[in-house]
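1. This is a predicted model, with the sequence first.
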Amino acid sequence: MAEQTIRVLIAKPGLDGHDRGAKVIARALRDAGMEVVYTGLRQTPEMIAEAALQEDVDVVGLSILSGAHMALVPRIREVMNNQGLDDIPLLIGGIIPDDDRGELEKYGVRGVFGPGANTEDIVRFIHGLMDANEGTAE
């Protein structure tokens with residue numbers, strides 16, 4: 001039985017204009033065999049949720065360097081839930097204080113990756129998420 005390709009949406013919500021890291025991650029995930037949709041800069045929560053729905057993604061990765069993660073993530077999760085996407089895990093990259101991680105987990109953030117995160121670790125993490133979602137069914 002062929003393994004299904006993992007589909008990942010990489011999004012830059014808010015007004016943050018720095019997208020180099022997001023593009024590096026997108027490239028690394030593509031190189032690892034994943035299908036990646038990169039939304040570009042200045043995406044609204046509604047745009048991100050719509051893209052996730054239309055592209056039928058398995059994971060949504062958010063790149064937030066503006067410090068607005070505590071405002072953006074809850075709204076993105078709310079809009080995604082309203083679209084029936086409550087089972088899609090969120091990953092976040094950026095400068096995220098350790099004190100915020102617990103609160104972000106409440107909104108479905110399964111992984112936080114700071115500047116300089118190893119792309120191979122991110123690939124392994126996503127594979128682990130997908131393996132965990134497979135459960136024991138064969």
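-> Received the coordinates, thanks.
2. Next one: Leu9 from Glu103, what distance?
-> Between Leu9 and Glu103 the distance, using Cβ to Cβ, to the nearest Å, works out to 22 Å. Bear in mind the C-beta positions are built from the backbone N, C-alpha and C, glycine included.
3. Which helix or strand in the protein has the lowest average pLDDT?
-> Within the chain, confidence by mean pLDDT, DSSP states H and E is lowest for helix 119-134 among all helices and strands, at a mean of 93.
4. what helices or strands is it leaning on?
-> Applying 3 or more Cβ pairs under 8 Å, 6 or more residues apart in numbering; DSSP states H and E, one finds that helix 119-134 makes contact with helix 20-31, strand 59-64, strand 90-94, strand 109-113.
5. 7 Å instead?
-> Packed against helix 119-134, as judged by 3 or more Cβ pairs under 7 Å, 6 or more residues apart in numbering; DSSP states H and E, are the following elements: helix 20-31, strand 109-113.
6. for these, which one ends up most surrounded?
-> Burial among the helices and strands packed on helix 119-134, expressed as mean neighbours by mean count of other Cβ atoms under 10 Å, is greatest for strand 109-113, which shows a mean of 20.
7. Quick check, pLDDT for the most centrally placed residue in the chain.
-> Centroid check for the chain by Cα atoms, centre = their mean gives Gly61 as the closest residue, at 1.5 Å. Looking at Gly61, its pLDDT stands at 98.
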